[in-house]
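In: Pasting the sequence and the predicted model now:
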Amino acid sequence: MALGAKMVPFAGFMMPVQYSGIRQEHEAVRKAVGLFDVSHMGNFFVTGKGARGFLQRATVNNVEKLKEMDAQYSALCYHNGTVVDDILVYCLGPESGAPGERGAPGERFKLVVNASNIDKDFAWLENLRKEDPQGADVVLKNASEELGILSLQGPRALDVARQVMEADPTQVATYKAGRGKVLGVDTLYSRTGYTGEDGFEFFPENKDLPTLWNRLLEAGSRYGIMPIGLGARDTLRLEAGYSLYGHELTDKTNLIEAGLAWITDFTKGDFVGRPALEPKSRPGGMERRVVGIELLELAIPREGCIIRAGGKDVGVVTSGTMSPTLNKGIAMAYVDVAYGKIGTELEVMIRDSGKKAKVVSRNFYKRAKA
């Protein structure tokens, strides 16, 4: 609030929707660097000698592939294949960790979950643990009230990281993590992101959050750093083609139809939701799918807009915006599979008027390789 943010309620928190303005913040992340406080997201720890096997059965991706300090994008599904949540899984190794991370002896894993799903996700995992044959060897801890998350994103994020991290950030590969000092604060860090840009995440304890936030803004000032709100976070992730829970992913949407077959490993054995997901992954198994939509006229597609082809309804927009980078309307949408091929011409109904559009890749924006 001291930085002039416009605040809104979100998932039980007061969150900044914008500071200087959504377009200005969006461009800062695309061209320089931005800092996000995403401490509203959930932090869980799964520890104990049965932790790896439990997560292998509870999540859709292959946890057996994770080595110490690896990160993995994954999801929790219901038995019917719809989505509990999309999550990040971190393999932290056997060491004791910081006070907020300690659990049972054995392997330690950290899960980052969506803010609006914290209680639901934890209850779901606890129920699965009770039903699991090795559940007695697993300890679940919800550390969401103890740890925060700061995310540094943009083409100059590495430059800032060099200034603030005791370790060499160039040695932290994408989807890897580490632990060390960041501007004097001991914290877990990783290199993932949700914007389509390079970036780093820091997971300090709550008592260190204000200090680290202020120091990061100071250290990044020479590179044009800006604080970034939820508004630009949404336009950035949409340009990059990243799904958002409550939009592309819900408890009514099948994970495969949502376009996340690439994180679903059917070679690993049984896992929750597999019997419902596997048929969808076969040729002809899907009735609808998530696609990218590009407007061919000046218009802004919004969530809930109906999509038509040949005079009939064939889909609905799940996320839409005016892309600040591309200067055109873009959206992600569920459409009948017959209309999901790239190049297919459609109409998006905006205020009862059909606007010309076509199916394109969901990756509307791709950053240039370093």
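Out: The structure has been received and is ready for your questions. Numbering: from 1, shown residues only.

In: all contacts plus neighbour counts: C-alpha atoms, from now on.
Out: Fine.

In: Quickly note the distance from Ile228 to Gly310.
Out: Plainly put, Ile228 is 41 Å away from Gly310 if you go by C-alpha to C-alpha, to the nearest Å.

In: So for those two, which residue has more residues nearby?
Out: Neighbour count, other C-alpha atoms under 10 Å: between Ile228 and Gly310, Ile228 has more, with 29 against 9.

In: thinking that one is in contact with Glu25, fair?
Out: Yes: using C-alpha atoms under 8 Å, Ile228 makes contact with Glu25 at a distance of 5.7 Å.

In: Overlap in contacts, those two.
Out: Overlap of the contact sets of Ile228 and Glu25 (by C-alpha atoms under 8 Å, 6 or more residues apart in numbering) consists of 18-19, 34.

In: Burial check on Gly34, number of neighbours?
Out: When neighbours are counted by other C-alpha under 10 Å, Gly34 comes out with 28.

In: I figured it hits Met226, correct?
Out: Yes: using C-alpha under 8 Å, Gly34 is in contact with Met226, at 4.9 Å.

In: Give the ranges of residues in the protein that sit below the confidence cut-off.
Out: Residues of the chain that meet the criterion pLDDT under 70 lie in 95-105, 369-370.

In: hang on, the earlier thing: got any residues that touch both of Gly34 and Met226?
Out: 25, 28.

In: can you pull out the strands in the stretch 51-200 of the chain?
Out: 71-77, 83-93, 107-113, 139-142, 150-153, 177-182, 185-190, 199-203 (DSSP state E, counting those that start in this stretch).

In: need those in TSV with mean neighbour count and distance to Ala123, can you?
Out: Below are the strands of the stretch 51-200 of the chain laid out as TSV (neighbours: other C-alpha atoms under 10 Å; distance: least, C-alpha to C-alpha, whole Å):
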stretch	mean neighbour count	distance to Ala123
strand 71-77	22	12
strand 83-93	22	11
strand 107-113	23	13
strand 139-142	19	10
strand 150-153	26	26
strand 177-182	18	27
strand 185-190	21	25
strand 199-203	24	23
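
In: which residues does the nearest residue to Asp132 once chain neighbours are set aside contact?
Out: Setting aside the residues directly before and after it, Asp132 is nearest to Phe54 in space (C-alpha to C-alpha, 6 or more residues apart in numbering), at 7.2 Å. Counting by C-alpha under 8 Å, 6+ apart, Phe54 touches 129, 132, 134-135, 138.

In: Of those residues, grab the buried ones for PyMOL.
Out: Buried subset of the contacts of Phe54, written as a PyMOL selection, criterion 16 or more other C-alpha atoms under 10 Å:
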select buried, resi 129+132+135+138
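
In: out of the contacts of Phe54, which are inside helices?
Out: Counting by DSSP state H, those place Arg129 in helices.

In: Provide a list of residues in contact with the spatially closest residue to Gly178 that is not a sequence neighbour.
Out: The shortest distance from Gly178 to any non-neighbouring residue, by C-alpha to C-alpha, 6+ apart, is to Tyr189 (5.4 Å). If a contact means C-alpha under 8 Å, 6+ apart, then Tyr189 has 177-180, 200-203 as its contacts.

In: what bridges to Tyr189?
Out: Beta-bridge pairing for Tyr189 (DSSP bridges): Gly178, Phe202.

In: Numbering from 58 from now on, please.
Out: New numbering, starting at 58: the last item is Tyr246.

In: Relative to Met71, how far out is it?
Out: Tyr246 is 25 Å from Met71, by C-alpha to C-alpha.

In: Next: Glu223.
Out: For Glu223 relative to Met71 (C-alpha to C-alpha), the value is 32 Å.

In: who's more crowded, the two?
Out: Glu223 (16 against 12).

In: I'd say that one and Gly235 touch.
Out: No: contact criterion C-alpha under 8 Å: Glu223 and Gly235 do not qualify, at 11.1 Å.

In: Can you pull up the most central residue in the protein?
Out: With distances taken as C-alpha atoms, centre = their mean, the residue of the chain nearest its centroid is Tyr251 (5.6 Å).

In: Who are the contact partners of that one?
Out: 290, 293-294, 299.

In: let's see 10 Å
Out: Shown in contact with Tyr251 (C-alpha atoms under 10 Å, 6 or more residues apart in numbering): 208, 210, 290-291, 293-295, 297-300.

In: Of these - the most surrounded one?
Out: Gln210 (30 neighbours).

In: Return the set of buried residues in stretch 62-74.
Out: 62, 64, 72-74.

In: Kindly apply the preceding question to stretch 257-271 instead.
Out: Those would be 257-263, 265-266, 269-270, for stretch 257-271 by 16+ other C-alpha under 10 Å.

In: And it, how far out from the chain middle?
Out: From the chain centre to the centre of stretch 257-271 is a distance of 19 Å (C-alpha atoms, centre = their mean, to the nearest Å).

In: ok, Leu353 to Met379 distance?
Out: 12 Å.

In: Would you mind telling me which of these two has more residues around it?
Out: Met379 (19 against 16).

In: State the helix or strand in which that one lies.
Out: Assigned by DSSP states H and E, Met379 falls within strand 369-380.

In: What strands flank the helix or strand following that strand, and is each parallel or antiparallel?
Out: Later in the chain than strand 369-380, the nearest helix or strand by DSSP H and E is strand 385-393. Partners of strand 385-393 in the sheet, by DSSP bridges, are strand 345-352 (antiparallel), strand 369-380 (antiparallel).

In: Contacts for the following helix or strand past the shortest one, please.
Out: Same thing as strand 345-352. Next along the chain after strand 345-352, taking DSSP H and E as the criterion, comes strand 363-366. For strand 363-366, the external contacting residues (C-alpha under 10 Å, 6+ apart) are 350, 369-375, 390-392, 396, 401-407, 409, 411-414.

In: Tell me the buried residues within those.
Out: By 16+ other C-alpha under 10 Å, the contacts of strand 363-366 give 350, 371-375, 390-392, 396, 402-407, 412-414 as buried.
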